[in-house]
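In: sequence plus predicted model, see below.
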Amino acid sequence: MNWSRSRLMAVFYSLVAAPVAVVALSALPQHAAPQPPPNEIVLGIDPAQSKVHWTLESTVHAVHGSFAFKKGNLQLETSTGKASGEIIVDAASGSSGNDGRDRKMHKDVLESGKYTEVIFRPARVEGKIASQGVFTVQVHGLFVLHGSGHELTVPVQVELAGDRWRGTAKFNVPFIDWGLKNPGNFFLRVNHSVEIELELKGSLQNPAAP
């Protein structure tokens, strides 16, 4: 009698537990998108709202121009300062507003038909990353130009507001010292470095805790 009652109770519990488990599992989120860890923020760059400005000084006058972004994102670990990701600029988009000068720039200096992208890959950040508001950091990484990588440190001012961010940066790229062809001649001498100014805007994922 006791054996029969035990078997009946076991069958009863199995019949009750199975649908309860199914309901509980179905309530869990399915195929949820992976989220960054709590101590990491991801800064996605919106190419349509971001721009690269450049200025090259010469013995005659300063030449100004721009490049367009292709895409980019930065992952920053707020507790360690470790950084990853990459920012990609379209080398062929470079323009100074002068067709002849731009043809020479792309053909002889940048060789943008062969080296189609300019890339910055961050490795670490120095400075305090705030959860919201404005802060300034030094971003160290690898700058890839004309197919070769060069260590570079870029000072960046960042403003975080809700799920959006914006940033500005200004630095020099010694392109001639890095092996690119000098665009000057006997009558026109240019600086060995070009001044770069970045305007960055985009989305902010997983804001850091205050």
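Out: That came through fine. Residues are numbered from 1 along each chain as shown.
In: what residues are up against residue 57?
Out: Taking CB atoms under 8 Å, 6 or more residues apart in numbering as the definition of contact, the neighbours of residue 57 are 190-191, 195. (C-beta placed from N, C-alpha, C; glycine too.)
In: phi, psi of it?
Out: Here is the backbone geometry of residue 57 (degrees, to the nearest 10): phi -80, psi 150.
In: again with residue 47
Out: Given degrees, to the nearest 10, the pair of backbone angles that residue 47 has is phi -60, psi -30.
In: just residue 48 next, same as before
Out: phi -70, psi -20.
In: pLDDT score for it?
Out: The predicted structure scores residue 48 at 96 on the pLDDT scale.
In: would residue 103 count as being in a strand?
Out: No: applying DSSP: H, G, I helix; E, B strand; the rest coil, one finds residue 103 to be helix, outside a strand.
In: show me the strands in the chain, by range?
Out: 40-45, 51-56, 63-77, 83-95, 117-126, 133-145, 148-161, 164-173, 194-205 (DSSP state E).
In: average pLDDT for the second one?
Out: This predicted structure assigns strand 51-56 an average pLDDT of 97.
In: okay, stretch 66-85 in PDB with CA atoms only?
Out: Included here for stretch 66-85 are C-alpha records, laid out as PDB according to Å, rounded to 0.1, in the frame of the first residue of the first chain:
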ATOM      1  CA  SER A  66      38.800  67.000 -45.000                       C
ATOM      2  CA  PHE A  67      38.300  63.200 -44.900                       C
ATOM      3  CA  ALA A  68      35.100  61.100 -44.300                       C
ATOM      4  CA  PHE A  69      34.800  58.300 -41.800                       C
ATOM      5  CA  LYS A  70      33.800  54.900 -42.900                       C
ATOM      6  CA  LYS A  71      32.900  53.400 -39.500                       C
ATOM      7  CA  GLY A  72      34.300  53.000 -36.000                       C
ATOM      8  CA  ASN A  73      33.700  52.000 -32.400                       C
ATOM      9  CA  LEU A  74      35.700  52.200 -29.200                       C
ATOM     10  CA  GLN A  75      35.500  49.900 -26.200                       C
ATOM     11  CA  LEU A  76      36.800  51.300 -23.000                       C
ATOM     12  CA  GLU A  77      37.300  49.400 -19.700                       C
ATOM     13  CA  THR A  78      36.700  52.100 -17.100                       C
ATOM     14  CA  SER A  79      38.400  50.100 -14.300                       C
ATOM     15  CA  THR A  80      41.600  49.300 -16.100                       C
ATOM     16  CA  GLY A  81      41.900  51.900 -18.900                       C
ATOM     17  CA  LYS A  82      42.200  49.100 -21.500                       C
ATOM     18  CA  ALA A  83      40.800  50.100 -24.900                       C
ATOM     19  CA  SER A  84      40.000  48.200 -28.100                       C
ATOM     20  CA  GLY A  85      38.100  48.700 -31.400                       C
END
